[in-house]
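**Student:** Next comes the sequence, and after it the predicted model I'd like to discuss.
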Number of protein chains: 2
Amino acid sequence: MQLPKQVQIKEVGPRDGLQNEMTFIPTEEKIRLVNRLSETGLNYIEVTSFVHPKWIPQLADAVEVLKEIKRHDDITYAALVPNSKGLERALDAGVDEVSVFMSASEGHNKSNINKSIDETFPVLKEVVDGALAAGKTVRGYISTVISCPYDGYTKPEQVVYVAEKLFEMGISEISLGDTIGVGVPTQVDALLQEMLSFYKAEQLAMHFHDTRGTALANVMTSLSHGITKFDSAIGGLGGCPYAKGASGNVATEDLLYLLHEMGIETGVNLKKIQQTALSIEGIIGKKLSSKLAAIARGEEQSCRIS
Amino acid sequence: MQLPKQVQIKEVGPRDGLQNEMTFIPTEEKIRLVNRLSETGLNYIEVTSFVHPKWIPQLADAVEVLKEIKRHDDITYAALVPNSKGLERALDAGVDEVSVFMSASEGHNKSNINKSIDETFPVLKEVVDGALAAGKTVRGYISTVISCPYDGYTKPEQVVYVAEKLFEMGISEISLGDTIGVGVPTQVDALLQEMLSFYKAEQLAMHFHDTRGTALANVMTSLSHGITKFDSAIGGLGGCPYAKGASGNVATEDLLYLLHEMGIETGVNLKKIQQTALSIEGIIGKKLSSKLAAIARGEEQSCRIS
């Protein structure tokens, strides 16, 4: 098996995770979570989102959180920014890297951003221009790269179309999201074959949701294509707020177990991540869906097999 | 990606699943479960185990269940048989195929069977001889093929050593079990490279537990080696009775989703499997851990990603 020796984990739990929780997590708990994550060896944490609080009230305290976390020099603290207004707040709060986002499919982009794909580009360009002018790097998210809840399967060429526009703006990396967690390795393979005929593996990150249990299989396929950057969320946070128990992002601890057992270095301490995951269960008021959180809870099994 | 066109699912839920449930499932519920499974398109169901009820009281009704299920001509109804006494009961109950079992590691074999590996062979040979004489086919399980809770990592050569003895006895197929669910694709790859230098892919089945979320990734690696037979348990049954929420065998419905989405045929109806899984939640008194059961429960998510 041909696998990379090192992988970078992009922790998105505080943003992609907490924005999908039913309850508003108190600001001081969010800060505590990010501070704990900063002690685990992660070098990239997506802290929050500057989407208008009307849309994501869960992260209405974005400025406060980003300002009050304890910064480590070797960690990039990133945030989602939807428009120029959001950029202003993000820069004021001292964001290290700005993430812009849109979908590869019209239906989801319309539902999520209320604009067509082509109408979205100018809005994002304004953000990217502003961020670059302020000396920040910019990351791009493309959602629904495998399938869209409204339009069905997404053609890889459609992902390339959006990626090309984003790279032209000057972003440094694109995260490809299987937003609804339906993807399987053959689809990831087809997508990456297409993308890697235009871009280098270092320009791409993969963002899998484990809704149907296929996330780690999809990670394997991505690794075999030389992908070395993966988004994940501590505890597998990010389930739908309206669906108790539905799993969200691939759990950081499950991803770490897979990578470390295969001898791939991440620099992240699995035990500390497991402990941090368990520490937030009480705060979010539900049991996390991740397997390695269950094991840390002492639910490990080595039962009879006869 | 090179993948097989067809895969056979060996449903082990009624045996490997229910033997690990805390509560005794009433006999009529077990019969109902197997009867429902017989309507899903499965052509192989491991119904029960003839291990002495002292060791597995959950399956003390093995004879009754096997006798009273409604048989379909195109389905193989198998059962686990530990010794000659068990074989007698299994044959009396009309078993179609006999499964013998042992571990690749001394520690687990000793703990599970109370014999050394070499002491186990004669006991199994007696069962295999008897089953073959009765015109039955015999399947062999080798447990702890990746790692053992007592001895640590298992060397692939040790698995070959046990497999060779079993094949010499006249068994037709070996199921390789990652019993404690610790395996990752690189380990599965190493094991299969070794095994496939001696045996054909058709002689092997893979038996993964999803304790650490790696089962489907391991299935992918197995498929890439041409493996076309996989054990799985409806609902992901088979968690440890002493560990609430710990996941067991890879769930049949999760495996089916992966295979079908990649265009691999199984002949099994995913929807019927999902419905059957939900129908047993009330009976076993807990929420199943499988992802596709959660989706069937209506917990599917297609939430905001901005």
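**Tutor:** Received it, and whenever you're ready, just let me know what you need.
**Student:** Now do stretch A:104-119, average pLDDT.
**Tutor:** Averaged across stretch A:104-119, the pLDDT comes to 95.
**Student:** Outside of that stretch itself, which residues are in contact with it?
**Tutor:** Applying Cβ atoms under 8 Å, 6 or more residues apart in numbering or on different chains, the external contacts of stretch A:104-119 come out as A:82, A:102-103, A:120, A:123, A:142-145, A:148-151, A:154, A:158-159, A:161-162, A:179, B:304-306. Heads up, the C-betas are built off the backbone N, CA and C, glycines and all.
**Student:** and with 6 Å instead?
**Tutor:** Outside stretch A:104-119, the residues that touch it by Cβ atoms under 6 Å, 6 or more residues apart in numbering or on different chains are A:102-103, A:120, A:142, A:144-145, A:148, A:150-151, A:154, A:158-159, A:162, B:306.
**Student:** what bits of chain A have low per-residue confidence?
**Tutor:** Residue ranges of chain A with pLDDT under 70: A:239-247, A:299-306.
**Student:** Format the CA atom coordinates belonging to the helix or strand containing A:Gly177 as PDB.
**Tutor:** For A:Gly177, the enclosing helix or strand under DSSP states H and E is strand A:173-178. Extracted in PDB, the C-alpha atoms of strand A:173-178 (Å, rounded to 0.1, in the frame of the first residue of the first chain):
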ATOM      1  CA  GLU A 173      -6.300  25.300  -0.600                       C
ATOM      2  CA  ILE A 174      -9.600  23.800  -1.300                       C
ATOM      3  CA  SER A 175     -11.500  21.500   1.100                       C
ATOM      4  CA  LEU A 176     -13.800  19.100  -0.700                       C
ATOM      5  CA  GLY A 177     -16.800  18.200   1.300                       C
ATOM      6  CA  ASP A 178     -19.100  15.200   1.200                       C
END
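**Student:** Point out the residues in the stretch 101-250 of chain A that sit beside chain B.
**Tutor:** Residues of the stretch 101-250 of chain A found near chain B, taking Cβ under 6 Å from any Cβ of the partner chain as the criterion, are A:101, A:112, A:143, A:149, A:179-180, A:184-186, A:189, A:212-214, A:216-217, A:220, A:240, A:243, A:245-246.
**Student:** Narrow those to just the buried residues.
**Tutor:** Neighbour-count burial (16 or more other Cβ atoms under 10 Å in any protein chain shown) applied to these gives A:101, A:112, A:143, A:149, A:179-180, A:184-186, A:189, A:212-214, A:216-217, A:220, A:240, A:243, A:246.
**Student:** can you pull out the strands in the stretch 201-306 of chain A?
**Tutor:** Chain-ordered strands for the stretch 201-306 of chain A, with DSSP state E, counting those that start in this stretch as the definition, fall at A:204-208, A:229-232.
**Student:** Any chance of CSV for those strands, columns distance to B:Thr40 and mean neighbour count?
**Tutor:** Written out in CSV, the entries for these read as follows (distance: least, Cβ to Cβ, whole Å; neighbours: other Cβ atoms under 10 Å in any protein chain shown):
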stretch, distance to B:Thr40, mean neighbour count
strand A:204-208, 29, 25
strand A:229-232, 34, 26
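**Student:** Tabulate the ones you listed (JSON lines), appending distance to B:Ala133.
**Tutor:** Rendered in JSON lines, the data for the strands of the stretch 201-306 of chain A read as follows (distance: least, Cβ to Cβ, whole Å):
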{"stretch": "strand A:204-208", "distance to B:Ala133": "51"}
{"stretch": "strand A:229-232", "distance to B:Ala133": "55"}
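**Student:** Out of these, which is closest to B:Leu288?
**Tutor:** Each of these was checked against B:Leu288 via Cβ to Cβ, and the shortest separation belongs to strand A:204-208, namely 22.2 Å.
**Student:** Given that closest one, what are its sheet partners and their directions?
**Tutor:** strand A:173-178 (parallel), strand A:229-232 (parallel) (DSSP bridges).
**Student:** I'd like those strands as a markdown table, with distance to B:Thr48 appended.
**Tutor:** Supplementary listing: these in a markdown table, determined by distance: least, Cβ to Cβ, whole Å:
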| stretch | distance to B:Thr48 |
| --- | --- |
| strand A:173-178 | 39 |
| strand A:229-232 | 40 |
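**Student:** For B:Ile45, which of the ones you listed is the nearest?
**Tutor:** Each of those was scored for nearness to B:Ile45 using Cβ to Cβ, and the closest is strand A:173-178 (33.1 Å).
**Student:** quick one on the thing from earlier: got the contact list for the strand holding A:Gly177?
**Tutor:** Applying Cβ under 6 Å, 6+ apart, the set of residues contacting strand A:173-178 is A:139-143, A:145-146, A:163, A:203-209, A:231.
**Student:** right, and the pair among those residues with maximum separation?
**Tutor:** Distances among the contacts of strand A:173-178 were taken as Cβ to Cβ; the most separated pair is A:Gln203 and A:His209, at 21.7 Å.
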